[in-house]
Structures are given as C-alpha cells and as structure tokens.
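Chemist: have a look; sequence and predicted model below, questions after that.
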Amino acid sequence: MEVSIGFIKQGDTYLLQRRPNLSTVGAAGLIGSFGGGIEVGESPIEAVCRELSEETSLKPLPEDFSHLGVVRVTAYKQGEPMDITAEVFMLELDPEVPMTALEGELERMTRQQADERVDELTPATRKAFEMFL
C-alpha cells in the first residue's frame, strides 16, 4: 500500500493524531502523523495536502511542505500484515496558527517525548522519526 504522511511541526512540538481504536482502522489506537492512501492519479504531495485538509483544520498547499523521504514498514489492519510505502513530508506551522484534528485526537509531543513513547507510535511514524527527525 502506498501512502503519504505529513508531520506538522510547531516550534519544537510535533502535532500528531491518535488514531481511532476501531478494527477497521490501520494502526488502531496508535499515534501517527496525519495522512493516508494515495488515490489513483494523485501524486504523493497532492495526497498529503488532501489528507491534511480532511483530517485537520488546515488547508495546506504543496509548496508548504518539504519532502523528507520514503519509509517502508509492515503495519497491521484487522490483524493482517500490510506492507506500507510512505512518502514523508514536513509542514512547519507558525506557533500562532491554531490547528485542530478533525479525525482522531490531537497529540502534541516533542522529539524526546516521541522517543519515550515509541511503543505508542504507528510503524511509519516511528520509522520516520528514526530516519528523518
């Protein structure tokens, strides 16, 4: 499965999403960056813009992001393993800009807190923190 994920950084804090704890949701109950599947005919940057618009109060444009790279992980949905290739992007958000999560619950954490809570992170988010952040 190919996905795009967007890390939102506000000062020294990352704005993340605690995923709903539903069996139909991949990485249910874990904390991850905002994002999701890349639709047919959509580029990875278009996908991350769409996903952040759907999942947050933000309406980002492609030029608002920097591309960090790609991570490959195995995640689980309904107990079944799935190979995930994730394009990873970063959005630096001014501290004065308010943001809310429209899906899941907003989680704020520093890089150090992410290290301390690594077992709560989705596989792609964990890998992106290790490789890029």
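Modeler: Received it, and whenever you're ready, just let me know what you need. Bear in mind that the values here come from a model prediction, so they are computed numbers and not experimental data.

Chemist: quick check: closest non-adjacent residue to residue 28.
Modeler: Once flanking residues are discounted, residue 28 sits nearest to residue 21: 5.1 Å by C-beta to C-beta, 6 or more residues apart in numbering. In this view, the C-beta of every residue, glycine as well, is placed from N, C-alpha and C.

Chemist: burial measure for that neighbour, as a count.
Modeler: As a burial measure, residue 21 scores 10 neighbours (other C-beta atoms under 10 Å).

Chemist: same deal with residue 50?
Modeler: 17.

Chemist: pretty sure it sits in a helix.
Modeler: Yes: assessed with DSSP: H, G, I helix; E, B strand; the rest coil, residue 50 lies in a helix.

Chemist: would you mark the buried spots in the helix or strand containing residue 3?
Modeler: Assigned by DSSP states H and E, residue 3 belongs to strand 2-10. Within strand 2-10, the residues scored as buried using 16 or more other C-beta atoms under 10 Å are 3-8, 10.

Chemist: partner strands of that strand, parallel or antiparallel?
Modeler: According to DSSP bridges, strand 2-10 forms sheet pairs with strand 13-18 (antiparallel), strand 34-37 (antiparallel), strand 80-92 (parallel).
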